[in-house]
Each structure stands twice: as C-alpha cells, then as structure tokens.
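Colleague: I'd like to go over a predicted model; first the sequence, then the structure.
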Amino acid sequence: MSSADSVFRRQFFHGTRADLQHGDLIAVGYASNYGERKALSWVYCTGTLDAAIWGAELAVGSGPERIYIVETTGPTEDDPNLTDKKFPGNPTLSYRSRDPLRVVGEVTKWQGHSPDQIRQMRGGLERLKKGGAEIID
C-alpha cells in the first residue's frame, strides 16, 4: 500500500443532549453530560458511532439525543475512563482533550440501544459510582 492509500481523515463523534450548531465549540469548563454535572476539565470524543450513541443515550437532560461530528482543535489522548485502566487498549476509540472540539456536522439517522441494554448500562454505572469510581473528570 502506498502512503497515499493510508492517509485518511480520522472521524470523531460526540454524543450529547445539547443543541449545537455547525461551528460551535465544545469546550472545557461546561457542566458534564453525566453524573454530578460538575464543570469538566476535558472534552471527550470517540472514533466509533456506537460509543457516541452511548454518550447521547446516557447524557442527562431532557433534550433530544444528538450525535455530532466533531474535529479536534488541539492534541488528544486516550480517555483513561475507557482505556487501559478498564479495558485493554482503546477499543471504543475514546479520546479526551483540553482543547475544544468543533462541531462540523450531525449524524441524524442512527439506531439506539434497546431499553434493556440502556437499563443494564445505567445499572453498571451506578454500581461503579457506589464503589467510588469517578466516571468522568
């Protein structure tokens, strides 16, 4: 394979209930979509649509579940909430950054998880929380 064949733009997604527009920035300092809703010192994105769907489905709030296509504006690192600390490698292609994510589009047609899957995931997260795990920082 030539180097030209291996150069592809990496696609990132962000699942939320926030109503955002093309060009908006998802930046640190805003309340988290999850848990105690504390101000975040990181912004999060994923390279898989499935992980973004989970993000949208588990986000707090009453707005519709949204999946945004985002681009990074600075360096990213593996999200330690979902990588080597809990799972080998980075199977969900989950990342975090201190620099904003720019909204460049929205995925409007996607299939969510079943109510039973969501209930099981929420139960698992609640067990982790009761065990003292900090899910998102």
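Modeller: In hand now; what should we look at? Nothing here was measured: the structure is a model prediction, and the numbers come from that model. Numbering: from 1, shown residues only.
Colleague: same for the helix or strand containing Lys129, what does it pack against?
Modeller: Using DSSP states H and E, Lys129 sits in helix 115-130. Judged by 3 or more CB pairs under 8 Å, 6 or more residues apart in numbering; DSSP states H and E, helix 115-130 is in contact with helix 49-58. The C-beta positions use only the backbone N, C-alpha and C, and glycine is treated the same way.
Colleague: Helix or strand next in line after the helix it packs on, which one?
Modeller: Taking DSSP H and E, what comes next after helix 49-58 is strand 66-72.
Colleague: Which positions within that following strand qualify as buried?
Modeller: Across strand 66-72, burial judged by 16 or more other CB atoms under 10 Å covers Arg66, Ile67, Tyr68, Ile69, Val70, Thr72.
Colleague: and of the residues you listed, the nearest to Arg127?
Modeller: For those, the minimum distance to Arg127 (CB to CB) is 26.4 Å, reached by Ile67.
Colleague: contacting residues for the closest one?
Modeller: Applying CB atoms under 8 Å, 6 or more residues apart in numbering, one finds that Ile67 lies in contact with Phe13, His14, Gly15, Leu49, Ala52, Ile53, Ala56, Glu106, Val107, Trp110.
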